[in-house]
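[1] A predicted structure for the sequence below; I have some questions about it.
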Amino acid sequence: MIVAVDGPAGAGKSTVCRLLARELAYTFLDTGAMYRAVAWALSRRFSELELAQPMPHPPADEDFPLRFEIQNEDLRILFAGRDLGDEIRDPEITRLASRVSQMAWVRTYLMDWQRRLASDGRVVAEGRDTTTVVFPEAEVKVFLTADLTTRARRRFNEYMAKGIPVDYASLESQIRERDEADSKRALAPLRPAPDACIIDTSRLEIPEVVRLLVDLVRSRDSG
Ligand code: DC
């Protein structure tokens, strides 16, 4: 059983998927973390300037010793054998990840890894194009969404909780612009798969969304 979850920023995907995977005792395949890992690995070997140009091919294997594995239902990201942990969450890597995710070879490279990692099933795969491109045959496909105001308010509260001051109005317009760009981009645009179950989380609390998804997976599993 593969559960694939897609949707715009701020719909609650990561939190919901992490909890859903735990509840089902599945692996949470955080594909965003894999894009971040590629960005981190490239930043180790190439300068800012080199990375500003689109890179047509993957680097040679010895320059790019990145590996992914699943251990006790957890995705581990290793670079030359070392676990990368939270280094991939740096703001600089976040920026670079967005850029590298638009390179065609990166998407193919990670799609191959994602399919390999999910080959035994029991995976909750979260991220752009998991429902449309990577796992079009997934038994459960979900598009989590929420209205713009709700998503902006959630992001605003996340920043406040971390003590980072932000302006609500500019946050909302950033999210609007990102939605627009995301749905129009050539590679892996943001859109629900035709057979995805669309769930609007605007008026739902996280445990309610998780419960809905657990029920959905169990009903497919027994059917
Ligand atoms: O979800 P995140 O912020 O960790 O994702 C990091 C970057 O990777 C973000 O720019 C979106 C991109 N991404 C992607 O293009 N395809 C995915 N399946 C997951 C993430």
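    Noted; the coordinates are in hand. Numbers count the residues shown, from 1 in each chain.

[2] residue contacts, whichever residue of the chain sits closest to the ligand?
    Nearest residue of the chain to the ligand (C-beta to the nearest ligand atom) works out as G32 at 2.4 Å. From N, CA and C alone the C-beta is placed, and that goes for glycine too. G32 makes contacts with 14, 97, 126-127, as judged by C-beta atoms under 8 Å, 6 or more residues apart in numbering.

[3] Could you identify the buried members of those?
    Neighbour-count burial (16 or more other C-beta atoms under 10 Å) applied to the contacts of G32 gives 14, 97, 126-127.

[4] Burial check on S47, number of neighbours?
    Neighbour count of S47, defined by other C-beta atoms under 10 Å: 8.

[5] restrict the contacts of G32 to those near the ligand?
    The subset of these within reach of the ligand, by C-beta under 6 Å from any ligand atom, is 97, 127.

[6] Nearest to D215 among the contacts of G32?
    For the contacts of G32, the closest approach to D215 (C-beta to C-beta) belongs to E126, at 18.5 Å.

[7] I'd assumed T31 was in contact with the closest one.
    Yes - E126 is in contact with T31 according to C-beta atoms under 8 Å; the separation is 6.3 Å.

[8] which bits of the protein sit near the ligand?
    Counting by C-beta under 6 Å from any ligand atom, the residues of the chain near the ligand are 31-33, 35-36, 97-98, 101, 127-130, 188.

[9] Report the buried residues of the lowest-mean-pLDDT helix or strand in the chain.
    Within the chain, judged by mean pLDDT, DSSP states H and E, the helix or strand with the poorest mean is helix 48-52; its value is a mean of 86. Residues of helix 48-52 classed as buried by neighbour count (16+ other C-beta under 10 Å): L51.

[10] Quick one: list the elements packing against it.
    helix 91-100 (3 or more C-beta pairs under 8 Å, 6 or more residues apart in numbering; DSSP states H and E).

[11] Run the chain-centre distance for stretch 66-86.
    Computed by C-alpha atoms, centre = their mean, to the nearest Å, the chain-centroid distance of stretch 66-86 equals 16 Å.

[12] Export that stretch to CSV, keeping only CA atoms.
    Extracted in CSV, the C-alpha atoms of stretch 66-86 (Å, rounded to 0.1, in the frame of the first residue of the first chain):
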residue,chain,number,x,y,z
LEU,A,66,24.4,10.7,-1.7
ARG,A,67,22.4,7.7,-0.6
PHE,A,68,18.9,7.2,0.9
GLU,A,69,17.8,4.3,3.0
ILE,A,70,15.0,3.2,5.2
GLN,A,71,15.8,2.0,8.7
ASN,A,72,13.1,1.2,11.2
GLU,A,73,10.5,3.0,9.1
ASP,A,74,12.7,6.2,9.0
LEU,A,75,14.2,7.7,5.9
ARG,A,76,17.9,8.2,6.4
ILE,A,77,19.9,10.5,4.2
LEU,A,78,23.6,9.8,4.0
PHE,A,79,26.4,11.8,2.3
ALA,A,80,29.6,9.8,2.0
GLY,A,81,28.2,7.6,4.8
ARG,A,82,27.3,10.5,7.2
ASP,A,83,23.7,11.1,8.3
LEU,A,84,22.7,14.7,7.2
GLY,A,85,20.1,15.2,9.9
ASP,A,86,18.8,18.8,10.2
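
[13] how about the strands in the protein?
    Listed in chain order, the strands found in the chain under DSSP state E are 2-6, 27-30, 66-71, 74-79, 82-83, 123-126, 140-145, 197-200.

[14] Can you name the residues in contact with the fourth one?
    When contacts are taken as C-beta under 8 Å, 6+ apart, the neighbours of strand 74-79 outside the stretch itself are 27-30, 33-34, 37, 40-41, 44, 65-70, 83-84, 88, 117.
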